[in-house]
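Trainee: generate coordinates for the sequence data below:
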Amino acid sequence: MNKKQKKMLVRIIISLILVVVFSGLPIDEHQKFGTYLRFGLFMIPYLIIGHDILKKALKGIRNKQVFDENFLMAVATIGAILLGDYTEGTAVMLFYQIGELFQGYAVGKSRRNISELMDIRPDYANVEQDGKLEQVDPDEVEIGTIIVVQPGEKVPIDGVITEGTSTLNTSALTGESLPRNAKVGDEVISGCINMTGLLKIRTTKEFDESTVSKILELVENSSSRKSKSENFISKFAKYYTPAVCYGALALAIIPPIVLLIMGKPAMWGDWIYRALTFLVISCPCALVISIPLSFFAGIGGASNQGVLVKGSNYLETLAQTKYVVFDKTGTMTQGVFEVSGIHHNEMADEKLIEYAALAECSSSHPISKSLQKAYGKPIDRNRVTDIEEISGNGVIAKVDGVSIAAGNAKLMKRLGISYQECHHVGTVVHMAVDGKYAGHILISDIVKPHAKEAIAELKKAGITKTVMLTGDSKRVADQVAADLGIQEVYSELLPADKVSKVEELLSKKTEKEKLAFVGDGINDAPVLSRADIGIAMGALGSDAAIEAADIVLMDDDPLKISKAIKIARKCIRIVYENIYFAIGIKVLCLILGALGIANMWMAIFADVGVMIIAVLNAIRSLFVKKL
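Mentor: Here you go, the predicted structure:
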């Protein structure tokens, strides 16, 4: 509890003790003195517990913003006391303040939980000066500065490792429990925790532009983008509170007047008491507090799982998603070409890879890099002579004096060498050694480990259509889609064609069905913007992704898509539970209050009790780990 909450707790305890003591005093209220004495005694706990509510109500009246919960409580409790119900009037104010204290504590706790989950803001950066480490504000560190990150410290600014090796804990950013290995030359992002070795990092961004700042800005600003449910509640409260105030006034005046006209006793005290009960019941706190809290907790819980949602409106849209459209490269595949197979070779795999890597050593093409990566040893260029690169065909060179040809089918035909076709999908590098065919190496863009499982999980989550759009060849696209279980695939598309295809899909679905596009966030910005909801995939540290997408997945695991949808649906389900529960109980109690069945104690439950239950239910949105 904070200082203000502790003071309130003291006020509640003192008032509660006084109410209990004064209620038990044997005061004769039939005498005038006894009535005044009882009134004077009960005004002490009433003013101790309710003076701030009365002040806020008066301030609202002065500012011409009359109809709020403070006004309702002030009128209801003062009215009850004037009718002689001192215990009830004071008790209503007391229990209202208990509810407010609990609500403030619960909301504060949920915010602290979210802050702890997102505890990625670094407090300082270590800069080496004159052989000593100095802690400076991350805002003061310029691009290109060498910073030192010791074991156990947060990486304060994005950069590239220039010295040292370590493992990095990225769980606060991505939700991943497994640490990542980091070595010289690797890019690292702010917010990670350095676990083992000392690292020296050359900064590549200013602190304001670094990943940690972007993430915190997104989470902090998410509350400004309100959902339809939140906007509905705001409008509802705006018209609802004045309506119930006028309703209570009508309940206090019209029935007694009608009774007088009919020649019966007016029973003013009875009807005013009903009207005051009506006011206490009608307080809209449960809705006004619990709905924004549900969304806030949902966004906070999602961020802890590596899913950044830019606003509650996007969470609401995501919950209605029925179509999911994917980019292929970098989204469902790793976007990194790797040797995936060696076929029809008579020499050892390692030897064939060695010849291919050395023959291709002078090329910077991704295929050449993947061969060199598969070789895994330093390239000794002195072993390679007579390199001849034939554009669109491949390369011919001598390795250790042996003639090597590495390239596509065109190169083999050019050299008059018969070759074996490859029936697998990918880029094929045919190899010839001393003029004889030596087999071929298959290079593929590897499908991500969880991609197939991710599609299955989406179907389980009720997604009716999965579609893949790619600029890749039809053969490769069809194979990937078939392997993953994606229903529709469109290949050989330019970026503009992807937008057209998404627009076509949007025109086919119903208004209630939403379409999400999942891309790598860099070259898919136009499509991310056009879809009902854009999800940037594998966007750790990507400025383009954070700008273009509505939701950013902080790692490249496709399983996070179904996780994000489940989080959104849980949050929306809780929102509607609170709306139906709060309105349902209030309507029932309002009817009972108007009929004279409900008393002040039932009114307290309808206000404070419902609010506490709704807030507790809202906090459930924070717990999304096991979805």
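Trainee: for the longest helix anywhere in the chain, which positions count as buried?
Mentor: Looking only at the chain and at elements set by DSSP state H, the helix with the highest residue count is helix 559-594. By neighbour count, with 16 or more other Cβ atoms under 10 Å as the criterion, the buried positions of helix 559-594 are 559-572, 574-575, 577-579, 581-583, 585-586, 589-590, 592-594. In this view, the C-beta of every residue, glycine as well, is placed from N, C-alpha and C.
Trainee: one more: stretch 263-277?
Mentor: Quick answer for stretch 263-277 (16+ other Cβ under 10 Å): 268, 271, 272, 273, 274, 275, 276, 277.
Trainee: same deal with stretch 371-378?
Mentor: 371, 372, 374, 375.
Trainee: looks to me like residue 617 is in a helix.
Mentor: Yes - read with DSSP: H, G, I helix; E, B strand; the rest coil, residue 617 is one of the residues of a helix.
Trainee: what number of residues lie near it?
Mentor: Residues contacting residue 617 under the criterion other Cβ atoms under 10 Å number 19.
Trainee: okay but it is in contact with residue 574, surely?
Mentor: Yes - because the distance of 5.9 Å satisfies Cβ atoms under 8 Å, residue 617 is recorded as touching residue 574.
Trainee: list residues touching both of these two?
Mentor: Overlap between the contact sets of residue 617 and residue 574, as judged by Cβ atoms under 8 Å, 6 or more residues apart in numbering, is given by residue 294.
Trainee: what mean pLDDT does stretch 185-197 have?
Mentor: Per-residue pLDDT values over stretch 185-197 give a mean of 87.
Trainee: what do you get for stretch 347-355?
Mentor: For stretch 347-355, mean pLDDT rounds to 93.
Trainee: count the neighbours of residue 83 for me.
Mentor: A count of nearby residues for residue 83, using other Cβ under 10 Å, gives 16.
Trainee: mind listing what it touches?
Mentor: Taking Cβ under 8 Å, 6+ apart as the test, what residue 83 contacts is 269, 272, 273, 276.
Trainee: now flag whichever of the residues you listed is closest to residue 434.
Mentor: Within the set of these, residue 276 lies nearest residue 434; the separation is 102.6 Å, counting by Cβ to Cβ.
Trainee: which strand or helix spans the closest one?
Mentor: Mapping residue 276 onto the secondary structure by DSSP states H and E places it in helix 268-282.
Trainee: which other helices and strands contact that helix?
Mentor: The helices and strands touching helix 268-282, judged by 3 or more Cβ pairs under 8 Å, 6 or more residues apart in numbering; DSSP states H and E, are helix 69-82, helix 228-261, helix 559-594, helix 600-604.
Trainee: so which of these is nearest residue 166?
Mentor: In this view, these are compared for proximity to residue 166 by Cβ to Cβ, and helix 559-594 is the closest at 25.2 Å.
Trainee: what is the mean pLDDT for the closest one?
Mentor: Averaged over helix 559-594, pLDDT sits at 89.
Trainee: by how many degrees do it and helix 268-282 diverge?
Mentor: 180 degrees (axes from the mean of the first three to the mean of the last three Cα atoms, to 10 degrees).
Trainee: contact partners of the helix holding residue 276?
Mentor: Judged by Cβ under 8 Å, 6+ apart, the contacts made with helix 268-282 from elsewhere in the structure are 72-73, 75-76, 79-80, 83, 85, 92, 240-241, 244-245, 247-249, 251-253, 255-256, 586, 589-590, 593-594, 596, 598-600, 602-604, 606-607.
Trainee: taking those, please make a PyMOL selection of just the buried ones.
Mentor: With 16+ other Cβ under 10 Å as the burial test, the buried ones among these are selected in PyMOL as follows:
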select buried, resi 72+73+75+76+79+80+83+85+92+240+241+244+245+247+248+251+252+255+256+586+589+590+593+594+598+600+602+603+604+606+607
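Trainee: low pLDDT regions in the stretch 451-600 of the chain?
Mentor: Low-confidence segments of the stretch 451-600 of the chain, defined by pLDDT under 70, are located at 473, 521-523, 538-546.
Trainee: which residues of the stretch 1-150 of the chain fall in strands?
Mentor: Assigned by DSSP state E, counting those that start in this stretch, the strands in the stretch 1-150 of the chain fall at 125-129, 132-136, 146-149.
Trainee: of the ones you listed, which is nearest residue 478?
Mentor: When the strands of the stretch 1-150 of the chain are compared for distance to residue 478 using Cβ to Cβ, the nearest one is strand 146-149, at 46.0 Å.
Trainee: list the contacts of the next helix or strand along the chain from the closest one.
Mentor: Scanning forward in sequence from strand 146-149 by DSSP H and E, the next helix or strand is strand 159-163. If you take Cβ under 8 Å, 6+ apart as the criterion, strand 159-163 is touched by 146-147, 182-188, 199-205.
Trainee: strand 159-163: which residues count as buried?
Mentor: Taking 16+ other Cβ under 10 Å as the neighbour-count basis, strand 159-163 is seen to contain the buried residues 159, 161.
Trainee: dump the very next helix or strand once past it to PDB, restricted to CA.
Mentor: Beyond strand 159-163 in the direction of the C-terminus, DSSP H and E gives the next helix or strand as strand 166-169. Written as PDB, here are the backbone C-alpha positions of strand 166-169 (Å, rounded to 0.1, in the frame of the first residue of the first chain):
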ATOM      1  CA  SER A 166      28.000 -14.300 -23.200                       C
ATOM      2  CA  THR A 167      24.400 -15.600 -23.000                       C
ATOM      3  CA  LEU A 168      21.600 -13.100 -23.000                       C
ATOM      4  CA  ASN A 169      18.200 -13.400 -21.200                       C
END
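Trainee: check contacts around the residue lying closest to residue 477 once chain neighbours are set aside.
Mentor: Distances taken as Cβ to Cβ, 6 or more residues apart in numbering place residue 491 nearest to residue 477, at 3.6 Å, with adjacent residues excluded. For residue 491, the contacting residues are 470, 471, 472, 473, 474, 476, 477, 478, taking Cβ under 8 Å, 6+ apart as the criterion.
Trainee: 7 Å instead, please
Mentor: Neighbouring residues of residue 491 by Cβ atoms under 7 Å, 6 or more residues apart in numbering: 470, 472, 473, 474, 477.
Trainee: repeat for residue 598
Mentor: Remark: with contacts taken as Cβ under 7 Å, 6+ apart, residue 598 is in contact with 277, 281, 589, 592.
Trainee: so residue 101 is in contact with residue 5, correct?
Mentor: Yes - in this structure, residue 101 is within contact of residue 5 by Cβ atoms under 7 Å, at 6.2 Å.
Trainee: how far does stretch 51-61 sit from the chain's center?
Mentor: In terms of Cα atoms, centre = their mean, to the nearest Å, the centre of stretch 51-61 is found 37 Å from the chain centre.
Trainee: mind listing residues that contact that stretch?
Mentor: When contacts are taken as Cβ under 7 Å, 6+ apart, the neighbours of stretch 51-61 outside the stretch itself are 66, 68, 70, 71, 73, 74, 93.
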